[in-house]
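Asker: next come a sequence and a model predicted from it.
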Amino acid sequence: MYQIPKDIGWIEVICGSMFSGKTEELIRRVKRAVYGKQTVQVFKPKLDNRYDETQVVSHSQLKLTSVAIERAEEIFHHLSPRTQVVGIDEVQFFGSEVVAVCEALAHRGLRVIVAGLDQDYQGRPFEPMPQLLAVAEYVTKQLAICVVCGNPAHRSQRLVDRGERVVVGAAGAYEARCRKCHRAEPTEATPPQTLDLFKD
Ligand SMILES: Nc1ncnc2c1ncn2[C@@H]1O[C@H](COP(=O)(O)OP(=O)(O)O)[C@@H](O)[C@H]1O
Ligand SMILES: Cc1cn([C@H]2C[C@H](O)[C@@H](COP(=O)(O)O)O2)c(=O)[nH]c1=O
Ligand SMILES: [Zn+2]
C-alpha cells in the first residue's frame, strides 16, 4: 500500500516589505506547529536588536523566544536532534551561506520557515532572498499599507539620510509605501493621520 512519506523536509519563505506582517506570519506558523506537538527552534541575526536582543518581536509586539546568531552555520551548533521545525527571522541579514544551511536542514527532513525582506530601501532585490525564493517549496508575499495613499505597499521607504544597504530600524527610520509613492532616495516621513478613531 502507498505510504505517505513522513521524513520529507521543505522550505517556506515569507517575504515582503517592512510592516507587511512577515514576523506575525512566522509567529503564527510557529505557534500552530507547537499546537501540533512539533519541536521548534527559532533563530534571528544578532544584528537585529531593535526591540529585543534575543526575542523575535513584531511591530505589533507579538513575541517569540529565539536564539540570536551571527552566522547562519551557527544553527547547526544549536540544533537539537529532536527539532522538526526551524524558523529564521530577518533572513536578509545573513550572507548567501544561509541558502545552503536552509537546504541542508530541509534535506535532513526539517520544515524550514524563513521570513525576510525581498527588496531593500531602493527597491533592489535583497540578497540572499532571491536565491531562497528560487529553492523554496512554498512562497508567501506579504503586503503592507502605503502610508501615503492607502494602497497595498510592497516597498520600504527609508526616512534617514544614509546610503548603506543595511540600516537597522523601525518606524521613524522606514515606512511602507506602494510603487507609486516610493522613492529610491531617503525622504521625509509622511505626517501622521489625525483621525480620532482609536481614542478611548
Ligand atoms: N503601513 C502599515 N501597513 C500594515 N501594517 C502596519 C503598518 N504600519 C505598522 N503596521 C503594523 O505592523 C504589523 C506587522 O508587523 P510585522 O509582522 O513585524 O511586520 P514585518 O515583519 O513585515 O515588518 C501590522 O500588523 C501592524 O500592526
Ligand atoms: C528596507 C531596508 C530595511 N533594513 C532593515 C530595517 C529593519 O531593521 C529590517 C527589516 O525589518 P522588518 O522586520 O522587515 O520590519 O531591515 C535595512 O537594513 N535595509 C533596507 O534597505
Ligand atoms: Zn502609495
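Answerer: Nice, thanks for sending it over. Numbers count the residues shown, from 1 in each chain. Ligands and ions are numbered 1, 2, ... in the order given.
Asker: so who does G169 touch?
Answerer: The contact partners of G169, taken as CB atoms under 8 Å, 6 or more residues apart in numbering, are 50, 160. The way it works is simple: take the backbone N, C-alpha and C, and place the C-beta from them, glycine included.
Asker: excluding chain neighbours, give the residue nearest to V57 in space.
Answerer: Y51 (3.7 Å; CB to CB, 6 or more residues apart in numbering).
Asker: and for the one you found, the neighbour number?
Answerer: Burial of Y51 is recorded as 14 neighbouring residues (other CB atoms under 10 Å).
Asker: ok, C178 next?
Answerer: Around C178 there are 21 other residues, counting by other CB under 10 Å.
Asker: residues in contact with it?
Answerer: Contacts of C178 (CB under 8 Å, 6+ apart): 146, 148-149, 151-155.
Asker: gap between the closest residue in space to L62 that isn't next to it in sequence and A115?
Answerer: On the basis of CB to CB, 6+ apart, the spatially nearest residue to L62 that is not a chain neighbour turns out to be I27, at 5.1 Å. Distance, I27 to A115, using CB to CB, to the nearest Å: 9 Å.
Asker: which of these two has more residues huddled nearby?
Answerer: For I27 and A115, the more surrounded residue by other CB under 10 Å is A115, and the numbers stand at 28 against 22.
Asker: so that one makes contact with I88?
Answerer: Yes. A115 is within contact range of I88, at 7.2 Å (criterion: CB atoms under 8 Å).
Asker: what separates the nearest residue to E90 once chain neighbours are set aside from ligand 2, distance-wise?
Answerer: Nearest residue to E90, sequence neighbours excluded (CB to CB, 6+ apart): D48, at 4.6 Å. Separation of D48 from ligand 2 (CB to the nearest ligand atom, to the nearest Å): 6 Å.
Asker: okay, now the unreliable bits of this structure?
Answerer: Filtered on pLDDT under 70, the chain yields the residue ranges 1-6, 194-195, 198, 200.
Asker: what packs against the helix ranked longest in it?
Answerer: The longest helix of the chain (DSSP state H) is helix 22-35. Applying 3 or more CB pairs under 8 Å, 6 or more residues apart in numbering; DSSP states H and E, we find helix 22-35 packed against strand 10-16, strand 40-45, strand 56-57, strand 63-64, strand 85-88, strand 111-117, strand 138-142.
Asker: narrow the contacts of C178 to those in strands?
Answerer: 152-153, 155 (DSSP state E).
Asker: can you list the residues of the protein near ligand 2?
Answerer: 18, 22-23, 48, 50, 117, 120-121, 156, 165-169, 174 (CB under 6 Å from any ligand atom).
Asker: quick check on those: which are buried?
Answerer: Restricting the residues of the chain next to ligand 2 to buried positions leaves 18, 22-23, 48, 117, 120-121, 156, 174, with burial counted as 16 or more other CB atoms under 10 Å.
Asker: so which of those residues are also by ligand 1?
Answerer: Near ligand 1, taking CB under 6 Å from any ligand atom as the test, the members of these found are 18, 22-23.
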